[in-house]
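Chemist: predicted model follows, preceded by the sequence.
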Amino acid sequence: MNISQTYACMILSASGWLCCIPLPARASEMEGYTEPYRTIRVATDETGIVEKVYISEGQVVEKGAPLISLNNEIQNALLAVAEQNMNAKGRLESAKAELQLKEERLKILQSLRLEGNARQEELDRAKYEGNVAKANIQTVKEELVARRLEYEKIKTQIKRRTIRAPISGIVNLIHKEQGEFVAPNSPETMTLVQIDKLLAYFTLTPQQASELKIDDKIKIRFCISHFKAEGTVEYVSPVTDAQSGTVLVKVRIDNRNRKFRSGDRCCIHSES
């Protein structure tokens, strides 16, 4: 992609560095800055006291690694009760014994009926009681299934009380320390940043933005270190900001080796 050799380098604000980008002869000044590829405020819908913090600020964590855990005393007690209820088989054995008794009585009455020594009403009554006994067994089995599901539900709740990293990244800020309360109105526990990729943000004129396409490759030079990297256009906004008359463009920079720091000044670099 042929780009002019004229550069604009400015500092945007305390939120990030402006990047230097080439300016066509008649183009207006274009601003940009670099940020982590993703910044995630890790939250939970569980409430309680922080029992343990597994990480420290600045630490690299892999996806799925434990970050903090909440106190589980009440949940563990509920789990013990649910396990006891799940394993209680007394009612089921009683229902099975009752069914066996009803079936044996029905066989006796059927034999007596064939001999003319039992009334049809007695036989019908025995059949009805046998069906009720079978239904009782089914009811107890369904109750045991519900108890097992309740047990699994509490186990899942306990598992969710250990908050894990949703992505691989770096712990930028810890919001809750050991002993602090995580509440519904303050569910954030920490902030993770993903810096194996960086994003450079530019605000271009509509004409400048129209010359860019998704996946265009752009040479980028870091102004202080003079390191060079190849950026990829990831996003060109379809909307022009009505107030500024500019279009937002994002350029992705591969940083898997963490060679570049988020916030370093950079310039789009042309070798032509």
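Modeler: Received it, and whenever you're ready, just let me know what you need. These numbers come from a predicted model, not from an experiment.
Chemist: quick one: the helices in this protein?
Modeler: Here the chain has its helices, by DSSP state H, at 73-87, 90-114, 120-160, 206-210.
Chemist: what about the closest residue to K250 other than its chain neighbours, how many neighbours?
Modeler: Counting by CB to CB, 6 or more residues apart in numbering, K250 lies nearest to Y235, which is 4.1 Å off, once chain neighbours are set aside. C-betas here are computed from N, CA, C, even on glycine. Look at Y235: counted by other CB atoms under 10 Å, it has 14 neighbours.
Chemist: what's Y235 in contact with, if anything?
Modeler: Going by CB atoms under 8 Å, 6 or more residues apart in numbering, Y235 touches I214, L248, V249, K250.
Chemist: if we can go back for a sec, dump the helices of the chain into a markdown table; add mean neighbour count as well.
Modeler: Output for the helices of the chain, formatted as a markdown table (neighbours: other CB atoms under 10 Å):
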| stretch | mean neighbour count |
| --- | --- |
| helix 73-87 | 14 |
| helix 90-114 | 14 |
| helix 120-160 | 14 |
| helix 206-210 | 15 |
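Chemist: how about those in JSON lines, adding distance to G263 and mean pLDDT?
Modeler: Shown next, in JSON lines, are the helices of the chain (distance: least, CB to CB, whole Å; pLDDT from 0 to 100):
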{"stretch": "helix 73-87", "distance to G263": "42", "mean pLDDT": "93"}
{"stretch": "helix 90-114", "distance to G263": "65", "mean pLDDT": "88"}
{"stretch": "helix 120-160", "distance to G263": "34", "mean pLDDT": "92"}
{"stretch": "helix 206-210", "distance to G263": "24", "mean pLDDT": "87"}
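Chemist: a markdown table please, covering those helices and showing distance to V171.
Modeler: Shown next, in a markdown table, are those (distance: least, CB to CB, whole Å):
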| stretch | distance to V171 |
| --- | --- |
| helix 73-87 | 26 |
| helix 90-114 | 50 |
| helix 120-160 | 20 |
| helix 206-210 | 35 |
